[in-house]
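1. coords please:
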Amino acid sequence: MQCQRRPALSNRFEMMDGETSWVIHCNDDTARDIDEFESFSELSDEGNQAASAVSLDLILPDDLLERILACLPVMCIFRAGSVCKRWHEIVSSRRFLWNLSQVLSQKPWYFMFTSSDEPGGYAFDPVLKKWYNIDLPCIEKSNWCKASSCGLVSFMDNDSRSELYVCNPITRRWRKLAEPPGSKFSDYSALAMSTSRVSNGYQISIVKSKQVPGNFYQWDLSIYLYDSETRIWATSSTEVFTGWRAGDESVICDGILYFLIYSTGGGAPENRHGLITYDLSGRSSHGLLIRNSIPVPCPLTCGRLMNLKENLVMVGGIGKQDRPDIIKGIGIWMLKGREWQEIARMPHKFFQGFGELDDVFASSGMDDLIYIQSYGNSMLLLFDMSQKHWKWSLKKCPVTKRFPLQLFTGFSFEPRLEIAP
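-> Numbers count the residues shown, from 1 in each chain. Got it, this is the predicted structure:
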């Protein structure tokens with residue numbers, strides 16, 4: 001196991017100013033807005049405003065200024081550290097980082113990979129409505145498995161499934177975890193993560209599914225759990241599924257591990273997918289997982305699971321009854337007990353941008369925000385759960401599509417400065 005220290009705040013501010021790690025990107029039609037934001041310091045040329053601003057800064061005690069700065073969006077905190085020596089010392093202090101931990105969760109960002117091979121890409125900030133060029137640590141390819149929770153992101157290689165890292169994408173501090181147990185070359189692996197906002201400790205789960213040799217209908221399923229407090233992996237459950245297999249989609253909500261399963265034996269379209277629930281605290285009894293599966297609400301494609309305020313939410317394409325591989329809409333559901341409650345269905349004017357083929361979009365989200373992205377386009381569609389409101393990101397990811405079949409994928413994460421793996 002390895003742990004990399006976070007660079008000092010001063011170094012990170014220099015990287016941002018030099019545009020080697022943090023680069024702001026925007027479209028031409030937003031230049032006016034950016035100029036207004038960037039030129040805030042120019043107001044100091046006006047005598048009365050400058051005097052009042054300076055005097056206000058002088059009379060504010062450090063603890064009150066810390067509380068005010070802690071409420072700013074993450075990128076504004078970076079900029080605040082460049083205002084003066086006092087502000088720089090405040091945002092670099094341990095007490096300030098503690099104050100940050102007491103602030104409610106930040107709006108999640110969305111990181112979009114711009115290559116099917118390379119791990120580079122841009123992160124979208126929904127508060128300032130800007131894209132930032134971020135160099136993710138540890139990850140070597142964009143197709144690695146990813147899971148995020150409370151400011152931390154875990155990456156696992158998609159080949160041997162033996163390399164596993166946890167990092168903070170904002171501070172770039174990371175840790176390499178011990179190799180997970182079980183078969184290195186499983187057919188499918190689903191990664192999930194849960195982080196405590198109180199202790200900052202985290203759990204990581206891996207659901208591995210491997211076909212029984214010579215039998216297409218039987219699949220060995222194993223669940224492995226990692227605890228950051230003990231730094232030890234444990235084999236939590238093993239079972240043989242008949243006619244079903246796990247895939248690469250899982251999430252942890254309020255101490256429950258959820259993962260999608262897929263039929264290997266045909267059957268009606270509405271029965272091609274299911275949901276498994278696994279209590280991480282009680283550790284479900286051996287051999288009962290498949291018996292307690294929950295059916296999905298409709299013929300499903302592109303199903304994605306996410307934790308929104310400890311509630312399980314699923315986004316997926318609604319397949320046609322006669323052609324389940326063709327989607328007629330995109331829906332959002334929340335699990336209530338063992339029943340699915342439909343939260344929203346994408347309006348047709350937005351759905352037109354996603355086509356009518358299977359696996360044409362990805363989705364990810366947390367808090368109250370869901371991102372939906374077409375694999376063939378860098379535009380982002382946002383859905384606000386609290387306001388039940390759909391909208392485009394307006395600003396495209398600043399990347400040029402190099403060839404017609406170039407695909408774009410991504411994941412959401414919460415930007416936080418104070419948490420470390």
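2. List of residues touching stretch 334-341?
-> Outside stretch 334-341, the residues that touch it by Cβ atoms under 8 Å, 6 or more residues apart in numbering are 258, 275, 294, 296, 297, 308, 311, 312, 313, 314, 333, 343. All C-beta atoms are positioned from the backbone trio N, CA, C, and that covers glycine.
3. Quick check: the gap between the first one and residue 371.
-> It refers to residue 258. Counting by Cβ to Cβ, to the nearest Å, the gap from residue 258 to residue 371 is 19 Å.
4. who has more neighbours, these two?
-> Looking at residue 258 and residue 371 with other Cβ atoms under 10 Å, you find the greater number of neighbours at residue 371, namely 26 against 23.
5. Could you look up the SS state of that one?
-> strand (DSSP: H, G, I helix; E, B strand; the rest coil).
6. partner residues bridging the closest residue to it other than its chain neighbours?
-> Counting by Cβ to Cβ, 6 or more residues apart in numbering, the nearest residue to residue 371 once its immediate chain neighbours are dropped is residue 110, at 4.5 Å. Taking DSSP bridges, one obtains residue 124, residue 412 as the residues bridged to residue 110.
7. Check residue 233 too.
-> For residue 233, the beta-bridge assignment (DSSP bridges) gives partners residue 226.
8. Look at it and say how many residues are nearby.
-> A count of neighbours around residue 233, defined by other Cβ under 10 Å, yields 19.
9. Kindly report the same for the one 4 residues further on.
-> The number of residues packed around residue 237, counting by other Cβ under 10 Å, is 19.
10. Same check on residue 180?
-> Residue crowding around residue 180 was assessed by other Cβ under 10 Å; the count is 24.
11. Report the contact partners of the most centrally placed residue in the chain.
-> Of all residues in the chain, the one closest to the mean position by Cα atoms, centre = their mean is residue 412, 2.7 Å from it. Residue 412 is in contact with 108, 109, 110, 111, 148, 306, 364, 365, 366, 369, 371, counting by Cβ under 8 Å, 6+ apart.
12. who touches the fourth one in this structure?
-> I take that to be residue 111. Applying Cβ under 8 Å, 6+ apart, the residues near residue 111 are 121, 122, 123, 124, 134, 136, 169, 410, 411, 412, 413.
13. and stretch 237-251, which residues are buried?
-> For stretch 237-251, burial by neighbour count (16 or more other Cβ atoms under 10 Å) applies to 237, 239, 241, 244, 245, 246, 247, 249, 250, 251.
14. Please pull up the helix or strand immediately following whichever strand or helix holds residue 246.
-> Using DSSP states H and E, the element containing residue 246 is strand 244-253. Sequence-wise, the next helix or strand beyond strand 244-253 is strand 256-263, with elements assigned using DSSP H and E.
15. now for that next one, which elements pack on it?
-> strand 188-195, strand 202-211, strand 244-253, strand 273-279, strand 300-308 (3 or more Cβ pairs under 8 Å, 6 or more residues apart in numbering; DSSP states H and E).
16. would you turn the ones you listed into JSON lines with mean pLDDT and distance to residue 141?
-> Conversion of the helices and strands packed on strand 256-263 to JSON lines gives the following (pLDDT from 0 to 100; distance: least, Cβ to Cβ, whole Å):
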{"stretch": "strand 188-195", "mean pLDDT": "95", "distance to residue 141": "15"}
{"stretch": "strand 202-211", "mean pLDDT": "95", "distance to residue 141": "18"}
{"stretch": "strand 244-253", "mean pLDDT": "95", "distance to residue 141": "15"}
{"stretch": "strand 273-279", "mean pLDDT": "93", "distance to residue 141": "27"}
{"stretch": "strand 300-308", "mean pLDDT": "92", "distance to residue 141": "20"}
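17. could I get those as a markdown table with distance to residue 63?
-> Converted to a markdown table, those look like this (distance: least, Cβ to Cβ, whole Å):
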| stretch | distance to residue 63 |
| --- | --- |
| strand 188-195 | 27 |
| strand 202-211 | 30 |
| strand 244-253 | 36 |
| strand 273-279 | 42 |
| strand 300-308 | 33 |
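18. Out of these, which is closest to residue 390?
-> For these, proximity to residue 390 was assessed by Cβ to Cβ; strand 300-308 is nearest, at 15.8 Å.
19. Neighbouring strands of the closest one in the sheet, and parallel or not?
-> strand 311-319 (antiparallel).
20. Look at residue 298 and say how many residues are nearby.
-> Around residue 298 sit 21 other residues, with neighbours defined as other Cβ under 10 Å.
21. was I right about it contacting residue 331?
-> Yes. Using Cβ atoms under 8 Å, residue 298 is in contact with residue 331, at 7.2 Å.
22. Residues that sit against both of the two, list them.
-> Overlap of the contact sets of residue 298 and residue 331 (by Cβ under 8 Å, 6+ apart) consists of residue 318.
23. Give me the ChimeraX select line for the contacts of residue 412, limited to the buried ones.
-> One line in ChimeraX is enough to select the buried ones among these; burial here means 16+ other Cβ under 10 Å:
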select :108,109,110,111,148,306,364,365,366,369,371
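24. could you dump the contacts of residue 412 to JSON lines with distance to residue 163?
-> JSON lines is the format used below for those (distance: Cβ to Cβ, whole Å):
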{"residue": "108", "distance to residue 163": "25"}
{"residue": "109", "distance to residue 163": "24"}
{"residue": "110", "distance to residue 163": "24"}
{"residue": "111", "distance to residue 163": "19"}
{"residue": "148", "distance to residue 163": "17"}
{"residue": "306", "distance to residue 163": "24"}
{"residue": "364", "distance to residue 163": "22"}
{"residue": "365", "distance to residue 163": "26"}
{"residue": "366", "distance to residue 163": "25"}
{"residue": "369", "distance to residue 163": "30"}
{"residue": "371", "distance to residue 163": "26"}
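25. circling back to that earlier point, what's the closest of the contacts of residue 111 to residue 383?
-> Residue 383 has its nearest neighbour among those in residue 412, at 12.1 Å by Cβ to Cβ.
26. picking that back up, among the contacts of stretch 334-341, which ones are buried?
-> Among those, those classed as buried by neighbour count (16+ other Cβ under 10 Å) are 258, 275, 294, 296, 297, 308, 312, 313, 314, 333, 343.
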